[in-house]
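Participant: Structure for the following, please:
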Amino acid sequence: MKKAFGLSVIIAGLTAGVHSAQAAIATTFDVNAASAKIQANDNSNASATQSTITAMQNAISEAILQLSGQNTSNSNATMTALSNMAGVQDQRAVMRKIEDAKFQAATNSTSGSSVCNVITGAIKTQNLEALTAAWRTQAVQAQLAASRGYIGGKWAAGEAVRKAAETAHCTSNATQGDVDSGMCSAVTQKATPNSAGNAGTGTAVVPDDENGGVAINNTIITSDQSKAMSGFLYLLENTEPPNPPQPGSAKYDSADGRRRLHVRRASDAHKSISDSILGGLVGQTMVISPSGDTNQSQALSWAEATAANTEGYAKSTGSYCSASSGSTSCYFPNGISELGVDELRSKSWFYNSNWGVRTGTAGPAEVEKDMAMMMAWQTVQNYKIYRVLREIDWSLASMDSMMAQHEGKL
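Facilitator: Coordinates of the predicted model:
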């Protein structure tokens, strides 16, 4: 019984164990199956999720690509628009530069208010100074020749020189005083503001050939006054009647005669300096118009047109009017002198009201051109001032020489 019990127990136990093992195996199988199923589900879910994520990534990438393309397209459109705007601005800037250049060129090509007048005046009056210089040279020669006894290219005694000077005076510049003194037979001096003196009655009491004010107080003198100034220069340089040596004269053969001849020659040398300076000052006021010369008419055409727009000039009648203005009255009836040109040119800016008005509305370029003309004119005047200074030096040096010689004799 015990064996049977034992075996049966064992068998029962084995049987029970078998059932337990089977149950355990079954459970393990179930777990594994469930696990596999879960794993499969997980894998399926993961795959699906991954696919979804991938699809979403692809969609996002595609969207990004599309957005990038759109942005690029938008940027290209923006750049094109900006480029077009910049191109239009550049074109407008270029056009503005072109228009500014055209305007500036037009402005610069506009002459200043006085440029044409200055240029015309320079061309038409340039030879008056040369004519004055030529007259000045001849005047010095004539004065020195008279001092040496030459009249009309012929020798004359000292008394003959004095009489020739008196004859010239009586012919054109004799006053009542000259008639009363017995020197002249009739009054020939014309009644002018210069000759009337303080009488105020129109009677000629001051002869032009004894009046330096004729040339000093006027910028233009008449032909009669010009002749009178020749006599004035003669008197100014010969306070005593000249007593020139005569050809073949024996009175200068001695040592004393040679000394006196040397003194005369030295005197003439000193006189030549004052003759030249005084002759130049007188010549600048004279109307010099040699026969057949056109310089005077050319200068007058400019002077008449300029004086018409310059304050202080009035018309009157004279011999030059018909030639210069074509009428019986004009601004320069006696012609125009070198000094008259200088005065008119100097006044033609400030005393020209039309120029003042035009300058007030002119642009910078026009004003600069007018200033350039003024500076050019000032340069000419500076040279003339330089020449005057040289003449002053000559005069001072001559006087110093005479004073030194005089002191040496004391």
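
Participant: ok, Gln298 touching Lys124?
Facilitator: Yes: if you go by C-beta atoms under 8 Å, Gln298 and Lys124 touch, sitting 4.2 Å apart. No exception for glycine: its C-beta is placed from N, CA and C like everyone else's.

Participant: Next, Ser398: phi, psi?
Facilitator: phi -70, psi -40 (degrees, to the nearest 10).

Participant: What ranges does the stretch 1-150 of the chain have for its strands?
Facilitator: Remark: strands assigned in the stretch 1-150 of the chain by DSSP state E, counting those that start in this stretch are 150-151.

Participant: list the helices and strands the strand or helix carrying Asp370 packs on?
Facilitator: Under the criterion of DSSP states H and E, Asp370 resides in helix 364-409. Applying 3 or more C-beta pairs under 8 Å, 6 or more residues apart in numbering; DSSP states H and E, we find helix 364-409 packed against helix 2-109, helix 115-125, helix 255-283, helix 338-350, helix 353-361.

Participant: winner for burial among these?
Facilitator: Of the helices and strands packed on helix 364-409, the one with the most neighbours on average (mean count of other C-beta atoms under 10 Å) is helix 338-350, at a mean of 20.

Participant: what does that helix rub up against?
Facilitator: Helix 338-350 is contacted from outside by 114, 117-118, 121, 125, 128-129, 131-132, 219-220, 283-285, 299, 303, 306-307, 309-313, 332, 336, 355-356, 370, 374, 377, 381, 384, using C-beta atoms under 8 Å, 6 or more residues apart in numbering.

Participant: Just the buried subset of these, please.
Facilitator: 114, 117-118, 121, 125, 128-129, 131-132, 219-220, 283-285, 299, 303, 306-307, 310, 313, 332, 336, 355, 370, 377 (16 or more other C-beta atoms under 10 Å).

Participant: Where do the helices of the stretch 201-350 of the chain begin and end?
Facilitator: Using DSSP state H, counting those that start in this stretch, the helices of the stretch 201-350 of the chain run over 213-216, 223-237, 255-283, 295-307, 321-324, 338-350.

Participant: Looking at these, spot the one closest to Arg390.
Facilitator: Closest approach to Arg390 among these (C-beta to C-beta): helix 255-283, 10.0 Å.

Participant: Please tell me how far Ala376 sits from Asn173.
Facilitator: Applying C-beta to C-beta, to the nearest Å, the value for Ala376 to Asn173 is 41 Å.

Participant: between the two, which one's more packed in?
Facilitator: Between Ala376 and Asn173, counting by other C-beta atoms under 10 Å, Asn173 is the more crowded of the two (27 against 11).
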